[in-house]
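Engineer: Using only what follows, build the 3D model:
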Amino acid sequence: MNDIASPNGFLPVLRKRRESAWNGIDTDRVLQVLVHNLEGMVFRCAIDEQWTMHFVSDGSRELTGYCPDELEHNKVTSLEVITHPEDRAQVRRVISAAMAGSGRYRAQYRIVHRRGAVKWVLERGAVVFDEKGQRVLEGFIEDITEQVESQRQLADAELRYRSIFEDSVVGMFQTSIDGHYLAANRALAELYGYENPAALIAGLSDIAGRLYVEAGRREEFKTLIREHGRVTDFESEVYRRDGSRIWISEHAHVVYSPEGEALYYEGTVEDVTAQHNYRQQLEYQATHDPLTGLPNRNLLQDRLQQLLNLAQRRGTKGSLAFVDLDNFKLINDSLGHGAGDKLLVEVARRLKSCLRDTDTVARYGGDEFVLILGDDGGLSDTLHILRRVRNAIGEPVMLDGQEVRVDCSIGVSVFPDDGADLGVLLRHADAAMHHAKKLGKGQFQFYTESLNAEARDRLALDSALRRAVEQEELHVVYQPKVDARGRPFGFEALVRWESAEFGSVSPVRFIPLAEENGLIGQLTVFVLRTACREAARWRAAGHGHLRVAVNISPSLFREKDLAALVRTVLAEAGLPPENLELEITEGVLMGDVQRTLAVLNELKAMGVYIAVDDFGTGYSSLAYLKRFPIDILKVDRSFVLECDQGNGGLAITRAIVSLAHSLNLRVVAEGVEKQTQLAVLNALGCQEFQGYLFARPMPAAQLAGYLDEAGSR
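Structural biologist: Below you'll find the predicted structure:
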C-alpha cells in the first residue's frame, strides 16, 4: 500500500484516469498544493468504530483545532470523538446507506472544536477501495457554521417580523424557485395594481412570462442568485395589472433548508420609475444635442464603431459625410441667433427625412452635421442620398417672416479605405468638404490623399496665424479713397501678413480663417489701434481733413462694447472722432435691429462716420437703411467691374447711386481699375473712388510722399 501522504501525491487513481491530460505537468505539486490549501479538511479514513484516519490535510487545524499528525491513526483523538455525540448515529447511518448503495454520501452534522466550540460541518465523500483492496472513506469536510446560523436567523426573523412583512410600505415577497408567488404583502399588491395579496398570487402564477417586460429577465435574476447568493438593485421594467409599465428595483436572496436545499426566494420591491426616467434623461442629454435632438459627438463615436464592426464582419464598406451649411454665418449675423437656431432645427429635420433607418445623422457642432451611411445599396445608393440631402437643404425656409435659402457643402470619406476610426474619417471628410466649398459650394466631394495634404497645410496655416497675432507679425497698409481727379479724402486701413513660414499670405486666405477660428476680433482691434495712431500723425502733419476707414468684424460688433472700445482707442491715439470711419457689412444691420440701432447711434453721437461696405450683395434694401444713422455707401466691386459694359451691372450701380443720393448718403465706388469705369461712375454721381487705378495699398512709410504728390494736383 502506498503512503497516502507520500510525495507520490494524494489519490493516485486520479492520475491513472486522466494520465493523458497530466502529461508535462508536475502532478505531485498540483495535487499537494490543492489538497493542503483547501479551506476545509481532505481525508481518508478506515470504516471502523473510530473512523481511524489514514490521511488528513492541513485544513484540519482551522476546522478542528488539531494538526494532521494528531488526527492521523488517532494519535490524539479521532473523528468519532470530535463528532458531536447527538450526531454520531446519524452520520453512521448515512455512510452505511452509501455503502449499500451508490457509495457516495453527504452528511451535515456538528463537531466539537479542540477549544470547545461547536461547529456545523458538511461532509461529502465516497466509499472507495484503497491500494490493498480494502474499503475506505475518502472525502472533504468544510465549515458551514455561518450558513446554518444564517438560515436559522432568517427563519427566526421571518417568525419575529411577520407583522412587518404584512404592514410594510415596501413591497415584500416570497417566490418559488420555478417562478410563482408563495407570499406577498399588501404594498406589493398595490404596487402591481392588485386588490390584495391573494389576487396578486393568483394573477401572477407565471412571473417570468407575465411580470417582466423583457424576456429572459427572470432567468437573469435566478442566475445572479446562483452566482452570488443574492441580487441587489436588480432593476427591471414590469407590467402592472392594467398593462401599464413601471420600473422596479428588487433586492432578494435564496432561503435554504437545514439540509442546504434551496427552498424559495424572498426580498423587497421598490418603484424606481421616477429615478429611472431621470437617469434616462441625463443619459439622453449626455448623448444628444439639446437644440436639434440629434445624436451628439459622444453618441456619434458609438454609432460609427457599430457600423465599422458590422462592415468588418461582412466585408462591406460605408461612408461618413461631413455636412457644412454654406453662408450660415451670414444668416446668424443678419437675422440673429434665434433665427439661426430655427434654421438648424429645420435642417436637422430635413437630414433625418433623407436617410434610411440604418443611417445616422449627428450634430457635430455649430452648423456642422455628420452622416454615417451604410452601403446597403452600394455607391449608387450613397450618391442618391447625398443628392437628396443637398436638394432638401437647398429648399427655402421661412425665418421670422423672411424666406431664406441656404446650401450645404458635403465632404465624404469611405471606410475602411479612408480610415478605420472616427478621428481619421472626420479629418478626411472635413478636407473633402473644404474642397467642395472651394469648387463653388452647394456640392459634395469625396476624399483624396491630396485633400489630406491640403488639410494639413490649412492646420499649419491656422497655427501660424495664431502665432502671428500673438507675436505681432501682422502690419497695416493704406489704400487711398479719392475724388475723380485723384485727390485723397482718406484711406482704408487693410491688414497684411508676411509669414516667416508661408511668405506673403493673401487676406483672401487668412481673413476667412480668422473668422472661423475666432481671431477676427483681435485682428480688428489691432487694425483699429494702428490706423488711429497713423491718422493722428496725418493730422499732426497738416492733413486734418483725412479720414481713416476701418472694417469692423460682425463678431466684434455683436460681442463687445464697440462704442466704449472706439472711445478708448481714439483717446489713446489722440484722434478726433470725425477722422474715423467705421465700415460694417449689411449682415450686421439685419441682426438684432434694436441693439444695432443703439450701438450705431452711440457711435454717431461721438462723431464717428458710419459706412456700409460691399453694398448690394446682401439682404438689405435702401429703404431699410433709412432706420440707421448711415453716412456712406460703398458699392461692391462686382458691380463696379461691370459698370462700363452696359449690362446689368450698370443698371444696378445706377439704381444704388440714385437711391443713395435720395437718402443723402455719400457713395464710394471700390475696385476701380480702368478709366472707362471711372468715367461711368463719375457720371452716375459717385463722390469717392478707390482702386488700383489710383493707388495700391501702401505701407505707412510711403504715405507722406503720396500725400505730397497728391497735394500738387
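Engineer: For the rest of this, base every contact and every neighbour count on C-alpha atoms.
Structural biologist: Fine.
Engineer: Give me the three-state assignment for the residue minimising distance to the centre of the chain.
Structural biologist: The centroid of the chain falls nearest to residue 298 when counting by CA atoms, centre = their mean (1.7 Å). Three-state assignment for residue 298 (DSSP: H, G, I helix; E, B strand; the rest coil): helix.
Engineer: before we move on, what about the one 4 residues further on?
Structural biologist: Taken by three-state DSSP, the conformation at residue 302 corresponds to helix.
Engineer: Neighbours of it, how many?
Structural biologist: 13 (other CA atoms under 10 Å).
Engineer: Tell me the pLDDT of residue 8.
Structural biologist: At residue 8, the model reports a pLDDT of 35.
Engineer: What segments of the stretch 501-650 of the chain are helices?
Structural biologist: Remark: helices assigned in the stretch 501-650 of the chain by DSSP state H, counting those that start in this stretch are 507-517, 520-540, 554-559, 562-573, 586-589, 593-606, 622-625, 637-640, 648-662.
Engineer: thought residue 240 was touching residue 193?
Structural biologist: Yes - if you go by CA atoms under 8 Å, residue 240 and residue 193 touch, sitting 5.7 Å apart.
Engineer: which residues are common contacts for these two?
Structural biologist: By CA atoms under 8 Å, 6 or more residues apart in numbering, residue 240 and residue 193 have no common neighbours.
Engineer: Quick one: name whatever helix or strand follows the longest helix anywhere in the chain.
Structural biologist: The longest helix of the chain (DSSP state H) is helix 449-471. Sequence-wise, the next helix or strand downstream of helix 449-471 (DSSP states H and E) is strand 474-482.
Engineer: Buried residues, the helix or strand just after that following strand. List them.
Structural biologist: With elements assigned by DSSP H and E, the helix or strand that comes after strand 474-482 is strand 488-499. By neighbour count on 16 or more other CA atoms under 10 Å, the buried set for strand 488-499 is 488, 489, 490, 491, 492, 493, 494, 495, 496, 497, 499.
Engineer: which two of those residues lie the greatest distance from each other?
Structural biologist: Taking CA to CA as the measure, the buried residues of strand 488-499 span a maximum distance of 31.8 Å, between 489 and 499.
Engineer: Contacts only, for the residue nearest to the centre of the chain.
Structural biologist: For residue 298, the contacting residues are 286, 287, by CA under 8 Å, 6+ apart.
Engineer: pLDDT value on it, please?
Structural biologist: Per-residue confidence at residue 298 stands at 83 (pLDDT).
Engineer: how far away is it from residue 458?
Structural biologist: As defined by CA to CA, to the nearest Å, residue 298 lies at a distance of 26 Å from residue 458.
Engineer: do the same with residue 359
Structural biologist: For residue 359, the distance to residue 458 - CA to CA - is 30 Å.
Engineer: do the same with residue 686
Structural biologist: According to CA to CA, residue 686 stands 40 Å off from residue 458.
Engineer: And these two? Which one has more around it.
Structural biologist: Shown here are residue 686 and residue 458; by other CA under 10 Å, residue 686 has more neighbours (25 against 16).
Engineer: residues in contact with the more buried one?
Structural biologist: Contacts for residue 686 were tallied using CA under 8 Å, 6+ apart; they are 657, 666, 667, 668, 669.
Engineer: For the second one, the count of nearby residues, please.
Structural biologist: The number of residues packed around residue 666, counting by other CA under 10 Å, is 18.
Engineer: Grab the nearest non-local neighbour of it.
Structural biologist: Spatial nearest neighbour of residue 666, chain neighbours left out: residue 632 (4.6 Å); criterion: CA to CA, 6 or more residues apart in numbering.
Engineer: Can you give me the neighbour number for the one you found?
Structural biologist: 21.
Engineer: Look up the residues forming beta bridges with it.
Structural biologist: residue 611, residue 666 (DSSP bridges).
Engineer: cool, residue 478 as well?
Structural biologist: Per DSSP bridges, the residues bridged to residue 478 are residue 493, residue 698.
Engineer: thinking it is in contact with residue 491, fair?
Structural biologist: Yes - in this structure, residue 478 is within contact of residue 491 by CA under 8 Å, at 5.6 Å.
Engineer: and the host helix or strand of residue 349, what does it pack onto?
Structural biologist: If you go by DSSP H and E, residue 349 is part of helix 337-354. With contacts taken as 3 or more CA pairs under 8 Å, 6 or more residues apart in numbering; DSSP states H and E, helix 337-354 sits against helix 328-335, strand 360-365, helix 378-394, strand 397-399.
Engineer: Show me what the longest one is packed up against.
Structural biologist: Translated: helix 378-394. Short answer (3+ CA pairs under 8 Å, 6+ apart): helix 378-394 packs on helix 337-354, strand 408-415.
Engineer: of the ones you listed, which approaches residue 129 most closely?
Structural biologist: Comparing the helices and strands packed on helix 378-394 by CA to CA, strand 408-415 comes nearest, at 67.5 Å.
Engineer: So which other helices or strands are in contact with that closest one?
Structural biologist: In terms of contacts (3+ CA pairs under 8 Å, 6+ apart), strand 408-415 is packed against strand 318-325, helix 378-394, helix 422-438, strand 444-446.
Engineer: Adjacent strands (with direction) for it?
Structural biologist: strand 318-325 (antiparallel), strand 444-446 (parallel).
Engineer: Least reliable of the ones you listed by average pLDDT, please.
Structural biologist: strand 444-446 (a mean of 86).
Engineer: residues making contact with it?
Structural biologist: Residues outside strand 444-446 that contact it (CA under 8 Å, 6+ apart): 386, 409, 410, 411, 412, 413, 429, 432, 433, 435, 436.
Engineer: Using CSV, write out the CA atom coordinates for the helix holding residue 349.
Structural biologist: Only the C-alpha atoms of helix 337-354 are listed here, as CSV (Å, rounded to 0.1, in the frame of the first residue of the first chain):
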residue,chain,number,x,y,z
HIS,A,337,-29.1,83.7,-33.3
GLY,A,338,-32.7,82.9,-32.7
ALA,A,339,-33.4,82.6,-36.5
GLY,A,340,-30.1,80.7,-36.8
ASP,A,341,-31.3,78.1,-34.2
LYS,A,342,-34.6,77.7,-36.1
LEU,A,343,-32.7,77.1,-39.3
LEU,A,344,-30.6,74.4,-37.6
VAL,A,345,-33.7,72.6,-36.2
GLU,A,346,-35.2,72.6,-39.7
VAL,A,347,-32.0,71.4,-41.3
ALA,A,348,-31.8,68.5,-38.7
ARG,A,349,-35.4,67.6,-39.6
ARG,A,350,-34.7,67.5,-43.3
LEU,A,351,-31.5,65.5,-42.9
LYS,A,352,-33.3,62.8,-40.9
SER,A,353,-36.0,62.6,-43.5
CYS,A,354,-33.4,62.0,-46.2
